[in-house]
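Q: Give me coordinates for this.
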Amino acid sequence: IVRDLERRGLIPTGGQLVLTVPESLVSSVRPGVILQPLGRGVNFRNFALATTATLSPNSRGVISACGLLLRNISETDYMVAYVDNTGAYGLSQRSGESFQPGIYSENAAYINTAPNTNQILVIAIEDRLHYYINGRYAGTQEVTPIEGQIGNVLVNFDPGDNTCQFANTWLWRWGE
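A: Sure, this is the predicted structure:
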């Protein structure tokens, strides 16, 4: 995937694989954002972070999402890129008790809702995030580069028993 991104000019050539997690799992019955940090001390610029996420909603009618944790400073200061079980996706930053405006779309035709398995890729270049889902461009957002943890995330918009299974989560860095 990295070589393809380099050939297409989406990331510069060179760099290195600094994190790979073959499998991880996040489960919860409570509403909210459940963070699973996987790496510390990653500078929030010049990297590509990807995973294949499978959502298993065990409660009918509950909206939930799987995604990537892009920058985790604390339980009230983080950014996530997610895909939910209704075909919506977003890129959202929490600061304190509020969520900042970000990328959001509903009913995207390229989101897999049955089965709920989606490939999520975020490319951070300096002060911009480029978001891709299942190989399709989902949007760009300007950000302030900040040091923080990366990882996986489960978002329960409602109370319900849900699980996100992640396969092949990886982080590629360059220019540092």
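Q: Run through the bridge partners of Glu23.
A: Ala167 (DSSP bridges).
Q: That one: neighbouring residues, count only.
A: 9 (other CB atoms under 10 Å). Using the backbone N, CA and C atoms, a C-beta is placed for each residue, glycine as well.
Q: Cross-check the contact I'm expecting between it and Ala167.
A: Yes. With contact defined as CB atoms under 8 Å, Glu23 and Ala167 form a contacting pair (5.9 Å).
Q: just the helices in the chain please.
A: For the chain, the helices defined by DSSP state H occupy 2-7.
Q: Please pull out the lowest mean pLDDT helix or strand from it.
A: strand 32-43 (a mean of 80; mean pLDDT, DSSP states H and E).
Q: Skip the chain neighbours and tell me the closest residue to the residue nearest the centre of the chain.
A: Nearest to the geometric centre of the chain sits Leu68, at 2.2 Å (CA atoms, centre = their mean). With sequence-adjacent residues excluded and distances taken as CB to CB, 6 or more residues apart in numbering, Leu68 is closest to Ala81, at 4.8 Å.
Q: which residues does the one you found bridge with?
A: Leu68, Leu91.
Q: thought it was touching Tyr104?
A: No. With contact defined as CB under 8 Å, Ala81 does not count as touching Tyr104 (11.1 Å).
Q: And those two? Which one has more around it.
A: Ala81 (28 against 13).
Q: so how far is Val2 from the more buried one?
A: From Ala81 across to Val2, the span is 18 Å (CB to CB, to the nearest Å).
Q: Please apply the same query to Thr86.
A: For Thr86, the distance to Val2 - CB to CB - is 31 Å.
Q: ditto for Glu97
A: 37 Å.
Q: now do Arg30
A: On the measure of CB to CB, Arg30 and Val2 end up 36 Å apart.
Q: Tell me which of these two has more neighbours.
A: When Arg30 and Val2 are compared for neighbours, Val2 comes out ahead with 17 against 9, by other CB under 10 Å.
Q: In contact with the closest residue to that one other than its chain neighbours, which residues?
A: Closest residue in space to Val2, ignoring its immediate chain neighbours: Trp172 at 5.2 Å, by CB to CB, 6+ apart. Contacts here follow CB atoms under 8 Å, 6 or more residues apart in numbering; on that basis Trp172 touches 2, 11, 15-18, 47-49.
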